[in-house]
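>>> fold the following, please.
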Amino acid sequence: MRIAEDELHRIEFGPPGDDEPAFIVRVFFAAENPVDVVARAGEVLTRVVERVPSWPPEDDWPDLLPSWFVENCAPESPADPTQDAAEWLAWWQSLAPQEKVVAAQGPWTLSGWLYYFDPIEGEGDDRSWWWWNAGNDEPERGWIDVATTGWPFGTGSLYWLIEACGGKDPHY
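Residues are numbered from 1 along each chain as shown. Predicted structure coming up:
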């Protein structure tokens with residue numbers, strides 16, 4: 001799975017100098033220590049992307065991810081047997097753009113966040129962003145560059161990753 005291997009390489013070493021995708025978006029965030037936020041985000045994303053080829057069961061994830069990340073996620077709520085995926089999708093599509101922004105703000109549940117990477121039952125086969133590069137350009141401001149499939153793109157899972165890792169106010 002070349003895409004996952006390339007993303008893992010970029011998380012650890014940064015992007016190759018001569019390989020630029022067509023569409024990069026820089027997401028900024030505030031943090032007391034942006035270098036730490038980038039390192040933590042890279043750690044979490046590495047553990048997820050490494051497992052894409054052989055996606056673990058949902059119950060395994062709390063042991064596979066850093067405990068601090070799992071603890072920053074919202075508690076899992078019991079499944080609502082009266083609402084299926086089609087009902088949820090209809091509700092989501094009925095929201096105005098600003099209402100979607102509010103609904104997507106964290107904390108997210110772990111299962112809700114992992115859904116966006118799950119290649120079997122989630123949107124993992126059609127993710128809208130992939131780690132490209134990261135750093136900081138001011139003492140209390142960091143950034144993560146992501147390659148995207150176009151504009152606009154789904155930022156919720158990326159923003160929650162940044163927030164769960166200690167960043168604040170992610171935006172592009």
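
>>> which residues of this structure score low on pLDDT?
Where the chain drops to pLDDT under 70, the residues are 1, 18-19, 21, 77-86, 88-89, 92, 103-106.

>>> strands along that one, start to end?
If you assign secondary structure with DSSP state E, the strands in the chain sit at 24-30, 129-138, 141-148, 168-171.

>>> so can I have a markdown table of those showing mean neighbour count and distance to P119?
C-betas here are computed from N, CA, C, even on glycine. Putting these into a markdown table (neighbours: other C-beta atoms under 10 Å; distance: least, C-beta to C-beta, whole Å) gives the following:
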| stretch | mean neighbour count | distance to P119 |
| --- | --- | --- |
| strand 24-30 | 18 | 23 |
| strand 129-138 | 17 | 14 |
| strand 141-148 | 21 | 18 |
| strand 168-171 | 14 | 25 |
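
>>> how near is G156 to N72?
Taking C-beta to C-beta, to the nearest Å as the measure, G156 falls 15 Å from N72.

>>> hang on, the earlier thing: reformat the strands of the chain as JSON lines; add distance to E99.
Formatted as JSON lines, the entries for these read as follows, by distance: least, C-beta to C-beta, whole Å:
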{"stretch": "strand 24-30", "distance to E99": "22"}
{"stretch": "strand 129-138", "distance to E99": "22"}
{"stretch": "strand 141-148", "distance to E99": "23"}
{"stretch": "strand 168-171", "distance to E99": "18"}
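
>>> of these, which is nearest V38?
Closest approach to V38 among those (C-beta to C-beta): strand 129-138, 4.4 Å.

>>> state which helix of the chain is the longest.
In the chain, taking DSSP state H as the definition, the longest helix is helix 34-49.

>>> which residues does that one contact?
Outside helix 34-49, the residues within contact range by C-beta atoms under 8 Å, 6 or more residues apart in numbering are 4, 7-8, 11-12, 29, 31, 64-66, 68-69, 114, 117, 131, 134-136, 140-142, 144, 161-162, 164-167.
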